[in-house]
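>>> have a look at this prediction, sequence included:
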Amino acid sequence: MNMASHEQLAAPAMQQPIAISDQEFVQFQRFIHDAAGISLSAAKKALVSGRLARRLQHCQLHSYGDYFRLLASGHAAAEVQAAIDLLTTNETYFFREPKHFDMLREYVRTVHQPGQMLRVWSAASSSGEEAYSIAMVLADCLHEAPWEVVGSDISMRVLERARLGHYPLERTTHMPPAYLKRFCLKGTGQQQGTLLIDRRLRQRVCFMQVNLNVPLPALGAFDLIFLRNVMIYFDARTKQQVVARVIGLLKPHGRFVIGHAESLHGVTDLVRALGPSIYSRDAAM
């Protein structure tokens, strides 16, 4: 859920761009921090105004202050979700940080008890590439043994894309060629340059909206949890709160995976490091 490019709703071009004041930007900083725990620096002011400009036009409003008041009114839940979607969208790709998937294979081979259900949570799954990458590894390693992948995000819009499982081919650069052949259907004709995740694999992955910044729904316990490339947008207190919630769902001897640019130093002592960005929850913790 980082601040990457996002498709925007089609609307006529605005003749006169509306400027966002410092005071209005502060309002949206507070809005997205309260909604998703994301801390926006002052450098994101132009990004915020650019992302939300079409929503002002769509709602026929004349200032960002008017738009903020609409969001805060308590009578525009759909518009609140639209604003959250625009400000929390992640650009990702399949098999990002490949060593994490090597770890997943090793976990299945050496730690997982054969015959038991293996559950993995992609806790900031964005448009689904991470969740499907995990599913490909599990399908390859476990065959018909029971497993489940849960992908979650705060943005309903990216979750809709994830459920479709339809992606540009350029996002598969790091995907093993055998997986591309086995688990994906290449588009032809008007769909050339895209791929569709095979229906049998899509049916094994469950996507749901989860806000990590509030108490979590009843998701059950997981053997592995991926929380990658999202903590870099949280302040220190939010990191501690989110990580505590998420690790609370990790089974003893389970694995907790974060992005290579992230750290748990000063965040939690509930897991121990096994290597860069890979942690284990010991039975005694």
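Ah, there it is.
>>> contact partners of the helix or strand where residue 78 lies?
Per DSSP states H and E, residue 78 falls inside helix 77-87. Helix 77-87 is contacted from outside by 3, 6, 8-9, 28, 31-32, 35-36, 38, 40, 48, 51-52, 55, 59, 70-71, 154-158, using CB atoms under 8 Å, 6 or more residues apart in numbering. The way it works is simple: take the backbone N, C-alpha and C, and place the C-beta from them, glycine included.
>>> which among the residues you listed count as buried?
3, 6, 28, 31-32, 35-36, 38, 40, 48, 51-52, 55, 70-71, 154-155, 157-158 (16 or more other CB atoms under 10 Å).
>>> who's in contact with the spatially closest residue to residue 95 that is not a sequence neighbour?
Leaving aside its chain neighbours, residue 95 sits nearest to residue 174 (4.0 Å; criterion: CB to CB, 6 or more residues apart in numbering). Counting by CB under 8 Å, 6+ apart, residue 174 makes contact with 93, 94, 95, 96, 98.
>>> which of those residues fall within helices?
Using DSSP state H, the subset of the contacts of residue 174 located in helices is empty.
>>> make a ChimeraX selection of the buried ones in those residues.
Buried subset of the contacts of residue 174, written as a ChimeraX selection, criterion 16+ other CB under 10 Å:
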select :93,94,95,96
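>>> with distance to residue 251 and pLDDT added, can I get the contacts of residue 174 in CSV?
Converted to CSV, the contacts of residue 174 look like this (distance: CB to CB, whole Å; pLDDT from 0 to 100):
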residue, distance to residue 251, pLDDT
93, 28, 91
94, 26, 97
95, 24, 97
96, 24, 94
98, 24, 94
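>>> just give me the closest of the contacts of residue 174 to residue 199.
residue 94 (17.5 Å; CB to CB).
>>> wait, the closest one sits on residue 172?
Yes - Residue 94 is in contact with residue 172 according to CB atoms under 8 Å; the separation is 5.3 Å.
>>> count of residues packed around residue 47?
14 (other CB atoms under 10 Å).
>>> sorry, that was for residue 34
When counting by other CB under 10 Å, one arrives at 10 neighbours for residue 34.
>>> and it, how far from residue 65?
Distance of residue 34 to residue 65, given as CB to CB, to the nearest Å: 17 Å.
>>> ok, now residue 59?
Residue 59 is 13 Å from residue 65, where distance means CB to CB.
>>> show me how this structure divides into domains.
22-87, 99-280 (automatic domain parsing).
>>> ok, now which ones touch the residue nearest to residue 146 when sequence neighbours are not counted?
Closest residue to residue 146 apart from its sequence neighbours, by CB to CB, 6+ apart: residue 117 at 4.4 Å. Remark: with contacts taken as CB under 8 Å, 6+ apart, residue 117 is in contact with 146, 147, 148.
>>> now do residue 117, the pLDDT please.
Model confidence at residue 117, expressed as pLDDT, equals 96.
>>> could you pull out the helices for the chain?
Going by DSSP H, the chain shows helices at 22-36, 45-58, 64-72, 77-87, 99-110, 129-142, 156-164, 177-183, 199-202, 236-247.
>>> tell me the helices and strands packed up against the last one.
Contacting helix 236-247 under the criterion 3 or more CB pairs under 8 Å, 6 or more residues apart in numbering; DSSP states H and E are the following elements: strand 222-227.
>>> between the strand it packs on and helix 236-247, how many degrees?
Interaxial angle, strand 222-227 versus helix 236-247 (axes from the mean of the first three to the mean of the last three CA atoms, to 10 degrees): 150 degrees.
>>> please save the CA atoms from strand 222-227 in PDB.
Extracted in PDB, the C-alpha atoms of strand 222-227 (Å, rounded to 0.1, in the frame of the first residue of the first chain):
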ATOM      1  CA  PHE A 222      -1.300 -18.500  10.000                       C
ATOM      2  CA  ASP A 223       1.900 -20.500   9.500                       C
ATOM      3  CA  LEU A 224       3.500 -17.600   7.500                       C
ATOM      4  CA  ILE A 225       2.600 -13.900   7.300                       C
ATOM      5  CA  PHE A 226       4.000 -11.600   4.700                       C
ATOM      6  CA  LEU A 227       3.800  -7.900   5.700                       C
END
